[in-house]
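[1] sequence isn't available, so here's the structure alone:
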């Protein structure tokens, strides 16, 4: 028998496989944590962009209408308005959010009310509209965003 043969023992093979398994587990865990963080950040960014769109839509209607109404109806935010050219309509500017905690001119939005909650006949030429817009993601109630803003334009008194 030749005793100078070189090779791996069973113990060395098992140790090598254990090391590969540990490294693979660490890599997989790191990858999963990164993907979860990326998903959460993407969702947060989308929510922020949608809130910015809501505020932009509110500002556009506030600046372009003589009177308008803000309507909260079944987790949707709508605007009922007539612009200066006489074009009227109801526009849905947001959906799929809980608006509990929102205030319009320091008056809380009562989301628990039956039917739509309407802040009617806001007149941008006579007063500014103070809004604390609080939106909560219905899929993940821990994800909440609050925007505090005032819709304004040059005030005129036509009387």
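    In hand now; what should we look at? Predicted model only: the values in this text are computed from it and were never measured.
[2] every contact and neighbour count from this point should use C-alpha atoms.
    OK.
[3] correct me if wrong: residue 90 contacts residue 83.
    No. Contact criterion CA atoms under 8 Å: residue 90 and residue 83 do not qualify, at 11.4 Å.
[4] with neighbour numbers in mind, choose between these two.
    residue 83 (17 against 14; other CA atoms under 10 Å).
[5] show the pLDDT at residue 155.
    We have a pLDDT of 67 for residue 155.
[6] then residue 67?
    In this model, residue 67 is scored at 89, pLDDT.
[7] now do the SS call for it.
    Secondary structure assignment for residue 67 (DSSP: H, G, I helix; E, B strand; the rest coil): strand.
[8] does residue 88 touch residue 69 like I think?
    No. When contacts are counted by CA under 8 Å, residue 88 is not listed as touching residue 69 (11.6 Å).
[9] quick one: whichever strand or helix holds residue 46 to chain centroid distance?
    For residue 46, the element it lies in under DSSP states H and E is helix 10-64. Its chain's C-alpha centre and that of helix 10-64 lie 17 Å apart, by CA atoms, centre = their mean, to the nearest Å.
[10] now it: average pLDDT?
    Rounded mean pLDDT across helix 10-64 is 92.
[11] what does stretch 101-120 give?
    Mean predicted confidence for stretch 101-120 is 87.
[12] going forward, begin numbering at 55 instead of 1
    Fine by me, first position is 55 from now on; the one you just mentioned is stretch 155-174.
[13] outside of that stretch itself, list whatever touches it.
    Contact partners of stretch 155-174, identified using CA atoms under 8 Å, 6 or more residues apart in numbering, comprise 122-128, 153-154, 183-189.
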